[in-house]
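> this one's structure only:
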């Protein structure tokens, strides 16, 4: 950049030409974060905190200040990441955009300065802009924190750690943008290349997940699969996630991000040194890159069109020959359009868009092969069951067993993702049983699916085992990989029941599936913060309120009973009731609890310790009489099977109103008839979704219990509530009364 020999003078000269970038750097990394941090600190209203949090106001204020500090001083929030991204793009663009201007390029290269030195000077100047302004902004935010009286909240060590992590991220984006500028010859093309390189892996991962979800029967995509690994963005997300989990040093991702930075820097330098100067102003500076780049961009675009077309046909991925032909034609048209569009951009001339026609065919063939690769599962991914000898341990998570859905509570009384909870706490070592169950489940499900033909909704009816229940399986391979699958388990199959009993009756399963087995309930119930506890034992209609001491005793009993958990024993039982409790606080953010989030423990008759405690406390529901609470029950049998048969016979989608009365039979029972039915009826909540395929309600009979006016139940629930019969236990007189 200058004829003088001193590199510092070269740097100074470069700085003079980049004053506008320095101004933006100061604005982005100093003025904006510092002023915003000051505004946040000044917005703290102690009186409002006292009003909302009472005695806990001091802790609530410090929590919020710490969150502000970690976002504006450190890197825990998204603000600094966005600023660093903008800065990296700005400094890279401002430093190397001269390569795209023939006049500027000739001027700079005419000066007696080595080409490699020029690259180093520009690179170093961009890095200094970032580092210097970041540190100044960080120190000023520290000063604001100290002056406001919270200087002890965020340490200089934490700030330096976050600065180091953010610098690695900055360099990743910085080098990626420089590389994008190196392989292109115009500023617009460089920006497009940076956009494509930034999002390409994320798009490919999303596309893979979409294809697997459409074609694969046993696909289960873990959330982290969607996070790119050859990307500064993805690696930074993983680094921060690991940092929050362990609060230590995520060495693995620090090295990975550092390696990415170094590789991109070397690649940028090599391309810079080889870059043909006469290509300034061209879309691509290396002509050989045109074909692979076109295919790399065009094939995913065509695959998106194919997938949308296949999904529009709405045939669950079966795809008839006719539909496949339609897809092929649309894919060919898409290949022509996409390749022509990219070619027009490459040539910077729309008249040349339809050159290179052979590439249309190549793009079409690659896309179709990938499409059929997923459809036919040519790699054997979907039905893959690993060799047990290569698996270290397994997670087996039945989705919704005992009504457990959604998040779990960890040891710090914080809600964690369901799958994350299982991964952290469940280590089943009986790998052979899980692998055998996986193979059996796939065989049964595949057979039912094929029998159903083009109507996948009928396979439940055709399957003699009685239907399927979903379960997620995670194989922890000995080589460090994690393989995820979602099984459809034939829960009424005799061999499957034996395997499930072996797997789910182990301590490894119980302690990894039930959060109450893992975390210390005392910590939640006896927390020193102003906790609000709502606990009760209920059958869905009646309930007995529980105090904190009673709840703690029952949880202890529950843990004791779970030591002798029996999957098989519970198949033939309805729950005796539920222990339901919620722990909430006005300061939900401090505990990171969802307000009034309810936990539910299912109590079965075979849970001897719990049942003994409840019976001795007088909390059994045996003393309630339906005849005393209700005037009558109205039972309806809609004969849905007969309705479906009628619709199939008539070739219609619904039963007309004038015909439906033929199928719906209703009768009211009261007096002695009601007393005779009482033993057969159960509140609707007691017939929860049965994952195990066990004792369940006969939902073809709908029972409305009409409460006595002015009674306790009518005040609580209104005029009526729903009850049901157990399957195969409907009284003969009811079957006869409501028969067609």
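Perfect, thanks for sending it. Keep in mind that this is a model prediction, so the values were computed, not measured. Numbers count the residues shown, from 1 in each chain.
> and residue 551, how far is that from residue 615?
From residue 551 over to residue 615 the distance is 17 Å, taken as CB to CB, to the nearest Å. C-beta: built from backbone N, CA, C; applies to glycine.
> So which of these two has more stuff around it?
Higher neighbour count among residue 551 and residue 615: residue 551, with 22 against 12, using other CB atoms under 10 Å.
> Next, name the residue at the spatial heart of the protein.
residue 223 (4.5 Å; CA atoms, centre = their mean).
> Contacts only, for it.
Applying CB atoms under 8 Å, 6 or more residues apart in numbering, we find residue 223 in contact with 417, 419.
> so what's residue 456 scoring on pLDDT?
With respect to pLDDT, residue 456 scores 52.
> Equivalent analysis for residue 317, please.
We have a pLDDT of 65 for residue 317.
> what does residue 524 give?
With respect to pLDDT, residue 524 scores 67.
> repeat for the one 4 residues further on
The score at residue 528 is 52. That number is its pLDDT.
> and residue 730, helix, strand or coil?
With DSSP: H, G, I helix; E, B strand; the rest coil as the basis, residue 730 sits in coil.
> continuing past the longest helix along the chain, what's the next helix or strand?
In the chain, with assignment by DSSP state H, the single longest helix is helix 115-147. Once helix 115-147 ends, the next helix or strand along the chain (criterion: DSSP states H and E) is helix 156-183.
> Give me the packing partners of that following helix, helices and strands only.
Judged by 3 or more CB pairs under 8 Å, 6 or more residues apart in numbering; DSSP states H and E, the packing partners of helix 156-183 are helix 78-96, helix 115-147, helix 187-215, helix 232-246, helix 251-274.
> State the phi and psi torsions of residue 666.
Dihedral pair for residue 666: phi -130, psi 140, per degrees, to the nearest 10.
> wouldn't it be in contact with residue 639 here?
No. Using CB atoms under 8 Å, residue 666 is not in contact with residue 639, being 11.5 Å away.
> When these two are compared, which one has more neighbours?
The residue with more neighbours, out of residue 666 and residue 639, is residue 639; 19 against 13, by other CB under 10 Å.
> Which residues are in contact with the nearest residue to the more buried one once chain neighbours are set aside?
In this structure, residue 639 finds its nearest non-sequential neighbour in residue 663, 4.5 Å apart by CB to CB, 6 or more residues apart in numbering. Contact analysis of residue 663 by CB under 8 Å, 6+ apart lists 638-639, 642-643, 646, 655, 740.
> what about 7 Å?
By CB atoms under 7 Å, 6 or more residues apart in numbering, the residues touching residue 663 are 638-639, 642-643, 655.
> Repeat that for residue 408.
416, 418, 421, 515.
> Distance check, the residue nearest to residue 639 against residue 60.
Going from residue 663 to residue 60 by CB to CB gives 60 Å.
> Give me the contact list for stretch 263-272.
Residues outside stretch 263-272 that contact it (CB under 7 Å, 6+ apart): 119, 172, 175-176, 178-179, 182-183.
> pretty sure residue 674 contacts residue 631?
No. With contact defined as CB atoms under 7 Å, residue 674 does not count as touching residue 631 (8.4 Å).
> helix, strand or coil for the residue nearest to residue 639?
Applying three-state DSSP: residue 663 is coil.
> Phi, psi for it please.
According to degrees, to the nearest 10, the main-chain angles of residue 663 amount to phi -100, psi -30.
> Tell me the confidence at it?
90.
> and what of residue 499?
pLDDT, read off for residue 499, is 96.
> Please identify the helix or strand for it.
Using DSSP H and E, residue 499 falls within helix 494-504.
> Break the protein into its domains for me.
Annotated domains of the chain cover 7-285, 292-375, 388-517, 521-616, 626-737 [automatic domain parsing].
> Looking at those domains, which is nearest to residue 381?
domain 7-285 (7.2 Å; CB to CB).
> Would you quantify the distance from the closest residue to residue 193 other than its chain neighbours to residue 36?
Distances taken as CB to CB, 6+ apart place residue 180 nearest to residue 193, at 3.9 Å, with adjacent residues excluded. From residue 180 across to residue 36, the span is 30 Å (CB to CB).
> cool, and residue 26?
Applying CB to CB, the value for residue 26 to residue 36 is 15 Å.
> before we move on, what about residue 130?
As defined by CB to CB, residue 130 lies at a distance of 19 Å from residue 36.
> Looking at the two, which one has more neighbours?
Neighbour totals were compared for residue 130 and residue 36, and residue 130 leads with 23 against 15 (other CB under 10 Å).
> Help me confirm that the more buried one comes into contact with residue 170.
Yes. Assessed by CB under 7 Å, residue 130 is found in contact with residue 170 at 5.6 Å.
> number of nearby residues for residue 205?
17.
> who touches it in this structure?
With CB under 7 Å, 6+ apart, residue 205 has these contacts: 225-226, 228.
> Just the buried ones from those residues?
For the contacts of residue 205, a burial check counting by 16 or more other CB atoms under 10 Å picks out residue 228.
> could I get the contacts of residue 205 as CSV with secondary structure?
Supplementary listing: these in CSV, determined by three-state DSSP:
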residue, secondary structure
225, helix
226, helix
228, coil
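> Name the nearest of the contacts of residue 205 relative to residue 376.
Using CB to CB, residue 225 comes nearest to residue 376 of the contacts of residue 205, at 21.9 Å.
> Can you show me the helices along the stretch 501-650 of the chain?
Under the criterion DSSP state H, counting those that start in this stretch, the stretch 501-650 of the chain contains helices at 507-513, 521-525, 548-562, 567-571, 588-591, 608-616, 626-629, 640-650.
> three-state assignment of residue 479?
Per three-state DSSP, residue 479 ends up coil.
> tell me which element residue 485 falls in.
Here residue 485, judged by DSSP H and E, is contained in strand 482-489.
> So, low pLDDT: which residues of the stretch 251-400 of the chain?
Along the stretch 251-400 of the chain, the model assigns pLDDT under 70 to residues 278-280, 314-317, 348-353.
> try the stretch 401-550 of the chain
Where the stretch 401-550 of the chain drops to pLDDT under 70, the residues are 406-407, 409-414, 452-466, 520-524, 526-531.
> which residues does residue 490 contact?
Shown in contact with residue 490 (CB under 7 Å, 6+ apart): 441, 444, 465, 468, 496.
> Nearest to residue 733 among these?
Nearest to residue 733 among the contacts of residue 490: residue 465, at 32.0 Å, using CB to CB.
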